[in-house]
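Novice: give me a model of this one.
(one chain, ligands or ions: 1)
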Amino acid sequence: MILTLTLNPSLDRTIEVGALTRGAVIRAAATHLDPGGKGVNVTRALLANDVRSCAVIPYGGSEGRRLLDLLSAEGIDMIPVPVEGPTRSNVAIAEPDGTVTKVNEPGTALTPAELDTLAGAVLDAARSAGWVVASGSLPPGAPVDVYAGLCRRFADAGINLAVDTSGPALVSAVNAGPALVKPNRDELAEATGTSIACVGDVLAAVGKLRAMGARSVLTSLGADGALLVEHDEQVWYGECAVEELRSSVGAGDALLAGFLAAGARGATALAEGLAWAGAAVGLPGSRMPRPADIDRTHVRIGPPDPARPLTPPPRSAPGGI
Ligand SMILES: O=P(O)(O)OC[C@@]1(O)O[C@H](CO)[C@@H](O)[C@@H]1O
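Specialist: Residues are numbered from 1 along each chain as shown. Reported below is the predicted structural model:
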């Protein structure tokens, strides 16, 4: 069983538009409402592919109740913890060429008692978990070392922790030595204070992250695929050709879910993760792929070419997509 913790879940509204013009009135072509938050998406992807998973989430206000309704409608196994503040809503504006502009609310603060209840729920449920995934931004005011604290407690209990977050929470978690971290390119650059323009830069930055404490590092590189550096120094690079690009929201979560579902080791797991991520970008909103959506023939795995330049990134805040 793979347990996920999302301290800052969301209602994700995706609005499809013909073109985005600042300051204009734009008529939406379609809208989608999905349950959101990175760990929530990992659980959704795993369950959609018959891999046991359970999501621990705080929920509050009418938005929180809506989130639970959407998750229940998808048959998601979850441990919902009621909290005082309302669950946030995040908006993604998707253009026909696959460009996504995302606006994420900060979320509302959790009280120390609420954080303790959530941590207790995770520690309890983790006893039957092979992996625990702590994913997404922290709500305002949460201690930056909250994932690091979990990491130390899980290490004592022999439980593997995967962390996907950004900024100071990522740096703090990495210092605590998690089994796996899944930064994207921006998050990796920010955490290591480096600029990343080619695969060689990714390798150098991952080396820094591992020197700080991370054991294995799975870096998602958007259109350029993903790079896996394992705790025993094995390195794998992979790509997935995508036929139709509809929404990249949640593609990194699908990558992590597929990687863990396939055993979290080596080329096989990287290929599975890339196949799930490639399927996710062809789906609207943050919909997670089902078995029928996943085509493994588009994935190519091999050694990394350090000289390979990366596609220039869109201007975004780390932790966005
Ligand atoms: O604000 P965070 O926690 O960094 O990211 C939240 C989020 O953008 O991540 C998911 C996609 O990965 C979405 O479902 C959600 O809206």
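Novice: in the stretch 101-250 of the chain, which spans are helices?
Specialist: 112-125, 146-157, 167-175, 185-192, 199-212 (DSSP state H, counting those that start in this stretch).
Novice: of these, which is nearest Ala254?
Specialist: Counting by Cβ to Cβ, Ala254 lies closest to helix 185-192 out of the helices of the stretch 101-250 of the chain; the figure is 16.8 Å. For the C-beta atoms, the positions are set from N, CA and C on the backbone; glycine is no exception.
Novice: compute the inter-axis angle for that closest one and helix 167-175.
Specialist: Orientation check (axes from the mean of the first three to the mean of the last three Cα atoms, to 10 degrees): helix 185-192 against helix 167-175 gives 70 degrees.
Novice: is the ligand within reach of helix 185-192?
Specialist: No - Helix 185-192 does not reach the ligand (Cβ under 6 Å from any ligand atom); its nearest approach is 9.2 Å.
Novice: how about that helix: buried residues?
Specialist: 185-192 (16 or more other Cβ atoms under 10 Å).
Novice: same thing with stretch 104-118?
Specialist: For stretch 104-118, by 16+ other Cβ under 10 Å, it's 104, 107-108, 110, 114-115, 117-118.
Novice: so which of the residues you listed are also by the ligand?
Specialist: Among the buried residues of stretch 104-118, proximity to the ligand is found for Asn104 (Cβ under 6 Å from any ligand atom).
Novice: need the buried residues of stretch 104-118 in TSV with pLDDT, can you?
Specialist: Below are the buried residues of stretch 104-118 laid out as TSV (pLDDT from 0 to 100):
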residue	pLDDT
Asn104	97
Gly107	97
Thr108	92
Leu110	97
Glu114	97
Leu115	96
Thr117	97
Leu118	97
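Novice: relative to the ligand, which of the buried residues of stretch 104-118 is nearest.
Specialist: Asn104 (4.1 Å; Cβ to the nearest ligand atom).
Novice: still on that earlier bit, out of the helices of the stretch 101-250 of the chain, which comes closest to Val25?
Specialist: Of the helices of the stretch 101-250 of the chain, nearest to Val25 by Cβ to Cβ is helix 185-192, at 31.1 Å.
Novice: run the angle between that closest one and helix 199-212 for me.
Specialist: 50 degrees.
Novice: helices or strands next to helix 185-192 in the packing?
Specialist: Packing contacts for helix 185-192, counted by 3 or more Cβ pairs under 8 Å, 6 or more residues apart in numbering; DSSP states H and E, involve helix 167-175, helix 199-212, strand 216-220.
Novice: with just CA atoms, put it into PDB.
Specialist: Extracted as PDB, the C-alpha positions of helix 185-192 are listed here (Å, rounded to 0.1, in the frame of the first residue of the first chain):
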ATOM      1  CA  ARG A 185      13.600  21.300 -12.900                       C
ATOM      2  CA  ASP A 186      12.700  24.700 -11.200                       C
ATOM      3  CA  GLU A 187      12.600  23.100  -7.800                       C
ATOM      4  CA  LEU A 188      15.900  21.400  -8.300                       C
ATOM      5  CA  ALA A 189      17.500  24.600  -9.400                       C
ATOM      6  CA  GLU A 190      16.100  26.600  -6.500                       C
ATOM      7  CA  ALA A 191      17.100  24.000  -3.800                       C
ATOM      8  CA  THR A 192      20.700  23.700  -5.100                       C
END
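Novice: return the distance of that helix from the chain's centre.
Specialist: With Cα atoms, centre = their mean, to the nearest Å as the basis, helix 185-192 stands 15 Å off its chain's centre.
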